[in-house]
Structures are given as C-alpha cells and as structure tokens.
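**Q** Build the 3D model from these lines:
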Amino acid sequence: MKFCFLDIYRNEAYRISKDTAGGYGTANDLGDGIFGRLLSRAVRFAVHWPNLQFVQLMTELKKAGHACQYEKTTSIGSLHHFAQFDAVFVCNSIVCFETEIAASELISKLSMTPVFICGTVFRHTKKILPQNCCSLSGNYEFLDADLFGSKSRLSEMVLERFIHVSVPSNANLLNPIEWGLDGLGVPRNLIVGGRRPYIPFLFNRGCPYSCAEYCTYPTSQGRKVFSVDIEEVVGKLRFYEQRFGSIHVVFRDPVFSIDLKKSKRLLEAIIEANLNVEFSAELHLKNLDEEFIDLAARANLNTIKFGIESAFDHVRSSVNRVSVDNDEQFRAISELRSNGIRTVGMFILAQPSDTLETCEKTIDYACDLGLDIAQFSVFTPYPGTSFYEKIERKITVGRYEDFTQFKLTFEHESFSESGVRKLLEKAYCKFLVSKFL
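**A** So this is what the prediction gives:
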C-alpha cells in the first residue's frame, strides 16, 4: 500500500507547532508591535519539528511494509497527486484546524482517496466529519498496522468514522522514527539544542494531575501514565546517536519526572551507557529532589522546563493548578542553575481570576527568578477540557485556528483581546531586557 502523510499549515510569519499542548498545537505569535513580530519571526526560523504521534504512525506503517511519504506544505497542490495514494493521513491540530479539514474534504471529495484525520482535536469539536474520512484520536500511533493492510480494510475503517485508541498494553512496541527519510527533515531547535539534530522522544505518556481542568495532555493521551522500558529507551537513544552522532534529545513527556524513581533509574542508565547525547525535558517542580538534580547534571540533562503559570496561589488554584510555593520555586531554580542546568519557566497570562495587577507582578516575578528563558502565553480554554465546558458560551472567536495560546478567546472580566496582546509583548520585552541589565 502507498500512503501520504500530509502536514498542512497556515502560511504565517510566526512558528506554528502541532506537537505542543498534547497535539492541539500552538502558534508563537508573540505580539503585534515591532518587537513582538521580530521575536516571532526569530522563533519561526529557529525551531520546528512535526507532531510526534503523526510521524510515529507513519514509521509503524513503513515498518509493516507500506510505502510512506511525509509532505509538509501550506497548499494541497494538485488533487491528482493524491489520487496515486491508497490513503492520505492528515495531521489534525487546533492551530490549523480549518485548513486541515478543508484539505481533507477536498481530497476525499475530488480524488476519492480515503482520508484519516489524525489527532484528538476533531473528537471534541462540533465540525461535521467530511465524507470518506475517518478520525483517529488518542494514542493512535499504537493502532495495529494490519488494519491498513488492504483497500477493503481501509474502507471498513472509514465506515467506522471515529476510532479512539486508549492506553496500549505495551508501550515498547514502537520503532525508532527514521528522521531524514521519506520526506521527514531532521528536527532542529537552535535556541535550546543548538546546531545538533533535535530529536523529540516520548518516555512517559498520560497525566493524572488536576490541571487537566485546562491542560490538553490528559485529553489527548489519557489520565493513566504508562512508559517505555528503560532498556528500550537507551537502545533507541543509541540508535539515534549512531545515526546522527552528537544529538540533543527532548523528552516530550507531559511530566518527565512523574514517576520520580523510574526517571532516576533512566538517568542512571543513560550515565552508564555513556551516550554522546544532551537532553532537555519538561517536569513539575514538585517532582524534583537533590538526587534527581545530581543525576540530571551527570546525564547531561542540561535544560529543564517547568510551569509556574502565575506568581499568585489564588490565580493558580482557580484552574486547579497545584504548584510548590514561591520560596520553593526560587530554591529549586537556584539549585538547578548551580548544577549547570538551564531553566525555562512557563507563565500563563489572563487566567480567569487574573487582573492587570496580578499579571504585571507575575511578569516581574519571572524576571526575578533567575531563569534562562521565560515563556509567556495566554490562558486558552481548549475544547475537550472541563474549563471549556464551563465557559463555552463566553467564547469570543469563530474559528478553532484562533486557539493559539497567544490570543484571548473568551470574555474576560479584566482584559480585552488587544490589551492581552500588548501585555504579552510587554512580558517578553521586559524579560529580555532584564537578562541584559
């Protein structure tokens, strides 16, 4: 069988990522002024990699003997092109939602090729699924490749219309993604990874934390945590090292240290393997201790990213975000940096109980923490989350593509859309100025 994996994007001057926010995606549109536009453009050219689940499914189908081709584009081009494939897989996000669905509808209607829309977003929208299309959601990269083995089976799947994959029985079944082949570029992140290949990798999937109120990782991957065996992880890391030489691996887990004991065992195994690899990961500051920090430094886990969200407990708790207190945040960041580990703090502006005063103090707090990088975004109630269900009637935008994490999408008591955009740009400007003064 011959398959096309179509990754279609809006043509914008800022970076669009479909692998963030649990596959919902984000668009790094950092402000409307000169500074914001320049910073957005810089990020666009410095960072990109595709949705990891999407290219993982492509890898599994290729290993099953199918011919697979990845295509990243801002235009679907000639419809005759898609007629040569037995099926087209379209990466589904929220940041390119209308673009992806329009492309899926056209391909299925005019070329009569079956289309599989891959991602959890569609499952939680009110958009009608186009004819001759099937929605794959959840942990769909674990689908049995035999399901795609013949045209009759493809037709049977399309008739099912919606296929959701929950927690698989064995997380070790997946093959290493062959970056650089079949149209896949080699990922880069010039900001964190430098000029090395920047390989995204999943150790843990799923997240049980209470911030599922607004976070889409549990929506996409489920609340139950499951992980790849440590020996399997080290083997795949060695595969990438042998292929590319010196690399940077970013663990794309919702929370890398959610099972702190197992994460420590993995770091120990990486140290013992003596890999020529540097790492970065996202975790929760409450899942951190001195032993972990020491192991991280020795394993060359040199960049750690974590959510702080707000300087105020009452703002965080209003959306069920559980965090360590501010004193503990200062201590943890100081200890990480003293061990040579770069720190990236994430902050969310315009949360439901935020005011201009709390946001400005959160920006000041971010500048005082000693972070290497601060990431500011705008609170976004995503379809499929509990918070979205509570305020759906207050949504102010008409397109799903406006759910970028950098625009205000709902009626807020303290902010207008333009006011939030100005505040966002101010936050980035103030933080960068604080780094050089």
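
**Q** What segments of the protein are helices?
**A** Secondary structure of the chain, counting by DSSP state H: helices at 34-46, 52-63, 79-83, 97-106, 151-160, 217-221, 230-244, 260-273, 290-298, 313-317, 326-338, 356-368, 386-391, 417-436.

**Q** In a markdown table, list the ones you listed along with mean pLDDT and mean neighbour count.
**A** In short, each C-beta sits where N, CA and C put it, glycine included. Converted to a markdown table, those look like this (pLDDT from 0 to 100; neighbours: other CB atoms under 10 Å):
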| stretch | mean pLDDT | mean neighbour count |
| --- | --- | --- |
| helix 34-46 | 94 | 16 |
| helix 52-63 | 97 | 23 |
| helix 79-83 | 82 | 15 |
| helix 97-106 | 95 | 20 |
| helix 151-160 | 94 | 13 |
| helix 217-221 | 92 | 24 |
| helix 230-244 | 96 | 16 |
| helix 260-273 | 97 | 17 |
| helix 290-298 | 97 | 16 |
| helix 313-317 | 92 | 15 |
| helix 326-338 | 95 | 15 |
| helix 356-368 | 97 | 18 |
| helix 386-391 | 94 | 15 |
| helix 417-436 | 95 | 17 |
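
**Q** Tell me which of the ones you listed lies nearest to Phe142.
**A** For the helices of the chain, proximity to Phe142 was assessed by CB to CB; helix 52-63 is nearest, at 8.3 Å.

**Q** Just give me how far the closest one sits from the chain centre.
**A** Relative to its chain's centre, helix 52-63 lies at 17 Å (CA atoms, centre = their mean, to the nearest Å).

**Q** what's that helix in contact with?
**A** Here helix 52-63 makes contact (CB atoms under 8 Å, 6 or more residues apart in numbering) with 1, 3, 5, 7, 18-19, 23, 68, 70, 89, 91, 118-119, 136, 139-141, 143, 145, 148, 174-178, 182, 184, 200, 202, 252.

**Q** before we move on, back to that, include distance to Gly206 when you put the helices of the chain into CSV, please.
**A** Putting those into CSV (distance: least, CB to CB, whole Å) gives the following:
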stretch, distance to Gly206
helix 34-46, 28
helix 52-63, 13
helix 79-83, 34
helix 97-106, 24
helix 151-160, 24
helix 217-221, 5
helix 230-244, 16
helix 260-273, 14
helix 290-298, 20
helix 313-317, 22
helix 326-338, 24
helix 356-368, 29
helix 386-391, 17
helix 417-436, 30
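
**Q** do you know which of the ones you listed lies nearest Pro114?
**A** helix 151-160 (5.0 Å).

**Q** about what we covered before: what subset of the contacts of helix 52-63 is buried?
**A** Under a neighbour-count criterion of 16 or more other CB atoms under 10 Å, the subset of those counted as buried comprises 1, 3, 5, 7, 18-19, 23, 68, 70, 89, 91, 118-119, 136, 139-141, 143, 148, 174, 176-178, 182, 184, 200, 202, 252.

**Q** Just these: which are in strands?
**A** Under the assignment DSSP state E, the buried ones among the contacts of helix 52-63 contribute Phe3, Phe5, Asp7, Cys68, Tyr70, Phe89, Cys91, Cys118, Leu136, Pro200 to strands.

**Q** Can you lay out those as CSV showing pLDDT?
**A** What follows is these, written out as CSV (pLDDT from 0 to 100):
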residue, pLDDT
Phe3, 97
Phe5, 97
Asp7, 97
Cys68, 97
Tyr70, 96
Phe89, 98
Cys91, 98
Cys118, 98
Leu136, 97
Pro200, 97
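
**Q** so which of the residues you listed would you say is closest to Ser108?
**A** Distance to Ser108 across these (CB to CB) is lowest for Phe89, with 12.2 Å.

**Q** pretty sure the closest one is touching Phe116, no?
**A** Yes. With contact defined as CB atoms under 8 Å, Phe89 reaches Phe116; the gap is 4.8 Å.

**Q** List the contacts of Asn139.
**A** Per CB under 8 Å, 6+ apart, neighbours of Asn139: Gln53, Val165, Ser166, Val167, Pro168, Arg205, Gln221, Gly222.
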